[in-house]
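*Asks:* Following is a predicted model, sequence given first.
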Amino acid sequence: RSQISGARMKLLEARPGSLESIMEIQGMPDQVRVAQSLLQGFIGANSQSVQPSQSSRDVHYPRWN
């Protein structure tokens, strides 16, 4: 459970050979929005500090209804 957002976050195991992972976020709508925002900020901050060949990975965000 995220101490900041209150949401539960779980990193699902990536498929063998895949460069993509899925992060499952559960909680109340406000908790999920905060957790998603924190995660996007973390990914954005870290993608600026990696080598160009590594930063070419696509980050896919689910659609939130």
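*Replies:* That came through fine. Numbers count the residues shown, from 1 in each chain.
*Asks:* Packing partners of the host helix or strand of Ile43?
*Replies:* Using DSSP states H and E, Ile43 falls within helix 29-47. Here helix 29-47 touches strand 22-26, going by 3 or more CB pairs under 8 Å, 6 or more residues apart in numbering; DSSP states H and E. C-beta coordinates here come from the backbone N, C-alpha and C atoms, glycine included.
*Asks:* can you rerun that using 10 Å?
*Replies:* Contacts defined by 3 or more CB pairs under 10 Å, 6 or more residues apart in numbering; DSSP states H and E place helix 29-47 against strand 8-12, strand 22-26.
*Asks:* Please work out which of these is packed deepest.
*Replies:* With neighbours taken as mean count of other CB atoms under 10 Å, these reach their highest mean count in strand 22-26, at a mean of 14.
*Asks:* Against Gly6, how distant is Gln31?
*Replies:* From Gln31 over to Gly6 the distance is 4 Å, taken as CB to CB, to the nearest Å.
*Asks:* Which one's more surrounded, those two?
*Replies:* Taking Gln31 and Gly6 together and counting by other CB atoms under 10 Å, Gln31 has the greater number of neighbours (18 against 14).
*Asks:* right, and that one touches Gln3 too?
*Replies:* No - using CB atoms under 10 Å, Gln31 is not in contact with Gln3, being 11.5 Å away.
*Asks:* ok, for Ala7, nearest residue in space, not its chain neighbours?
*Replies:* Using CB to CB, 6 or more residues apart in numbering and skipping the chain neighbours, the partner closest in space to Ala7 is Gly27 (3.4 Å).
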